[in-house]
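# Sequence plus predicted model, see below.
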Amino acid sequence: MNAILIRIRGTVQGVGFRPFVYRLAHDCAIKGWIQNTSEGVILEAEALVPQLEIFIRRLKTELPPHCVLEQFIQQEIPIKGFKSFEILPSDSKGEQTAFVLPDIATCPQCLKEVFDPKDRRYLYPFTNCTHCGPRYSIIEALPYDRANTSMKNFIMCPICQNEYDDPLNRRFHAQPNACFVCGPSVELWDHQGREIALREKALEKTAELLKQGHIVAVKGLGGFHLMADAANEESVGLLRQRKNRPHKPLAVMFPSIEAIEEFCDITAVERNLLVSPQAPIVLVLKKGGMVGLSSLISPGNLYVGAMLGCMPLQHILLKLFGKALVATSANISDEPICIDNQEALLRLEGIADYFLVHNRPIVRQVDDSLIQEIIGKASFLRRSRGFAPLPVKLDHSSIGILAVGAHQKNTVALSLDQGAVISQHIGDLDSQESVEVFERTIESLRQIYSSAISEVVCDKHPDYTSSRYAKELGVAIVHVQHHHAHAASCMAEHGIEGPVLGICFDGTGYGEDKTIWGGEFLQCEGGDFIRLGHLKLFPLPGSEAAVQEPRRSALGLLYEVSNGKLEDFEDLDCIKSFSIQELRIIKQMLDQRINTPLTSSMGRLFDGISSLMGLCHQSSFEGQGAMALEFQARTISVNNGYPYGILDSSSLKKAFSMDWTGIVRGIIEDLRVGIAKAEIAAKFHFTIVEMIVDVALRVGENKVVLTGGCFQNKILTEMAVEGLKKEGFMPYWHTQVPPNDGGIALGQLMVASRRKMIGV
């Protein structure tokens, strides 16, 4: 006989791990106990040595779905003579390091019950088990027990309680476990909050209203969706008008994977993502213009954001409706999504005609995750429901560091001894509502993990809301340059120490020379970086106004190319888009450098070229111009580009610059002789990739990380990876966090941890 004590950390709470161990212990004739703790799971096991060996081997290899072991420590202990194997009550003492599981989409077993007329949960909108259902959106504290969730006020009926207490039942300690008798319920309200229908009738009536063309706000897992008939042109147009979202693509929720395949061409990777337990929105290629669905879903876009239902309520509604529904976040502009019933009534007034609500409180906003496939791998555009707050492993991470992220696409991160816990997508910190969610999310993570913050890390931009918040915490502050954080986030994902060549292309970032960076070539190692090179600077008339008006970036490029002679380009669409008076004012701004900062931004270069080609002069959402350019380029293949140069600095301490003036001149020449826009766009992308490879050859670092919002561009990333591999380099791109500012917090944590480790 022998006895061992095993301590396990990782994703082991809320995934059916204890009942799995209980069944395994009975299989292997093991005596002892298992217990949830604030750090993970602890168990004692006694048996004959061969039985213990089999038990440990199976414990590591036969894990239940969604379970991940990060740490497995075992030690021999004295035999105590246990008579059976038990599951003990949870212990909440000690350091809170157990991982919180994300919300998980409805599993096949629960879905089968929901649509089985003989089952007691037939059409119950909140059916779940240990393998599926809400987690992060309902948890208030660790350990993950019902008393620490927003389900605490729903007292289980005897049948549900028996399921919950039975270690052999798949609902053993499924904290949101409920049924019609004892659980949450749905109601349908009109726009004034007056009750129209309850329970099943509420769902049936909602489907009828959607068929009639109405817009309904539907409370889901992590917040409300605004839903409308995806085939009804008038309804989708009205939704765009009311939400003030004229062009940005709308996500579509389909009733089945087969329905997605009817309208879209999907790859095996995309299919697996769509049907996965995370159920994200996946960007998939439209098939023949998606005939049968509204043309207003994603106008001028090759892709559509497709998703399946992630909770029974949505599956039932889709079944009753019978076809696809637009399902866009219930918010205005970039404000956070609504999660509270009364809040939704106020904030969505004039947008939603009706409200399908439920009484299970949502503790925190959790947007849908958004993913695209790049080179056979998932690449995040938004990391949220289904993935947050799962950690990313950080070598040498220091406990108690808070990273407050960027100003746009904000996420925050907290360092534990096993890695970086990254929050859900919070969004742009431009509104008071967003700032409140930002602050609540930080406080929530601190409470869940009982973490004392010893250090806070923020962007060097002094006016970021997140940077100002960091100053108010009253702890040591670490400032990390924006593009250094971008490169570090990709390094952290792949466990790279450096040195690496970081190719950081995005819209804007506060530069150390007080210019606007965004087309950067950095050498990164540990917690430090050197700016080796950058895109040649050009003026940005109106500064932030240029983000909404790509034509301003175009004027900055033309001004630089012609030494201020904008009259040489009066035949170009970007010039024609301005009135005579507007041009006169902007020319004065450029001449006198009034509100006209210099930038090395690749994002603004993409914008400027898009306007130069007449694709997008004024954008209604971020990246619209660059996306139009990408979609043009995807329609044709070329093997030649435009001329560019590398300008060395006279000072060894200053960076080289990539001269884009030949690119702009070449594009203007092609436009004037009538070359097709698709060919011009393809040549432009080809040139940028040539530029990337040239710099890599010049610098000579074998490892190259591709990061920043510009690498959301699928064709740019794929071509860059291919070009670098051909020359023998090892390219890395993002697969765990977004390349955009949603990945900044992870990079900030990595830099701060490295600096702390070496005492800087």
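Received, thanks. Numbers count the residues shown, from 1 in each chain.

# care to break this structure down by domain?
2-87, 186-358 (automatic domain parsing).

# The shortest one: end-to-end distance?
Using CA to CA, to the nearest Å, the end-to-end distance of domain 2-87 comes to 20 Å.

# sorry, back to before: any chance of the domains of the chain in CSV, plus distance to S619?
Any C-beta I mention is one placed from the backbone N, CA and C, and that applies to glycine too. Listed next are these as CSV, based on distance: least, CB to CB, whole Å:
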stretch, distance to S619
domain 2-87, 39
domain 186-358, 8
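
# most neighbours per residue, which of those?
Highest mean neighbour count among those (mean count of other CB atoms under 10 Å): domain 186-358, with a mean of 20.

# Would you single out the least confident of the domains of the chain?
Note on the domains of the chain: lowest mean pLDDT is at domain 2-87, with a mean of 90.

# Can you list the buried residues in the longest helix anywhere in the chain?
When the chain is parsed with DSSP state H, its longest helix is helix 677-699. Applying a neighbour-count criterion of 16 or more other CB atoms under 10 Å, one finds 677, 679-693, 695-696, 699 buried in helix 677-699.

# so H685 sits right up against I715, yeah?
Yes. Using CB atoms under 8 Å, H685 makes contact with I715 at a distance of 5.9 Å.

# what do these two both touch?
E630, A633 (CB atoms under 8 Å, 6 or more residues apart in numbering).

# SS state for V366?
Here V366 takes the coil state, with states given by DSSP: H, G, I helix; E, B strand; the rest coil.

# So it sits against D103, correct?
Yes. Judged on CB under 8 Å, V366 makes contact with D103 at a distance of 6.3 Å.

# just the strands in the stretch 1-150 of the chain please.
2-11, 31-36, 41-47, 68-76, 85-87 (DSSP state E, counting those that start in this stretch).

# To K248, which of those strands lies closest?
Of all the strands of the stretch 1-150 of the chain, strand 2-11 sits nearest to K248, with 33.9 Å by CB to CB.

# Listing partners with orientation, what would you give for that closest one?
Paired neighbours of strand 2-11 in the sheet (DSSP bridges): strand 41-47 (antiparallel), strand 68-76 (antiparallel).

# can you put the ones you listed in CSV and add distance to K756?
Below are the strands paired with strand 2-11 laid out as CSV (distance: least, CB to CB, whole Å):
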stretch, distance to K756
strand 41-47, 29
strand 68-76, 21
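
# out of these, nearest to K219?
Closest approach to K219 among the strands paired with strand 2-11 is made by strand 68-76 (29.9 Å; CB to CB).

# residues in contact with that closest one?
Contacts for strand 68-76 (CB under 8 Å, 6+ apart): 2-12, 40, 56, 60, 63, 99, 393, 418-419.

# do that again at 10 Å, thanks
Here strand 68-76 makes contact (CB atoms under 10 Å, 6 or more residues apart in numbering) with 2-12, 15, 17, 39-43, 45, 52, 56, 59-60, 63, 97, 99, 101, 390-391, 393, 417-419.

# Look up how far Q74 lies from E44.
11 Å (CB to CB, to the nearest Å).

# rewinding a little: overlap in contacts, V366 and D103.
134-137, 220-222, 384-388, 424.

# Buried ones among those residues?
Buried members of the shared contacts of V366 and D103, scored by 16+ other CB under 10 Å, are 134-137, 220-222, 384-388, 424.

# Minimum distance to F569: which of the domains of the chain has it?
Among these, domain 186-358 sits nearest to F569 (CB to CB), with 25.1 Å.

# In contact with Q372: list those residues for me.
Q372 neighbours (CB under 10 Å, 6+ apart): 269-270, 273, 281-284, 303, 305, 378-381, 712, 714, 717.

# Can you flag which of these belong to helices?
Short answer: those in helices (DSSP H) are V269, E270, L273, K714, T717.

# Could you find the closest non-adjacent residue to the fourth one?
The one in question is K714. I374 (5.7 Å; CB to CB, 6 or more residues apart in numbering).

# For that neighbour, name its beta-bridge partners.
Those that pair with I374 in a beta bridge, by DSSP bridges, are K377.

# What does the pLDDT read for it?
Listed pLDDT for I374 reads 97.

# swap in V412?
97.

# Spit out the contact partners of it.
Counted by CB under 10 Å, 6+ apart, V412 has contacts 389, 402-405, 421-424, 426, 438-439, 441-442, 444-445, 466, 469, 744-745, 748-749.

# Are any of those residues buried, and if so which?
Buried among those by 16+ other CB under 10 Å: 389, 402-405, 421-424, 426, 438, 441-442, 444-445, 466, 469, 744-745, 748-749.

# Thanks a lot, see you next time.
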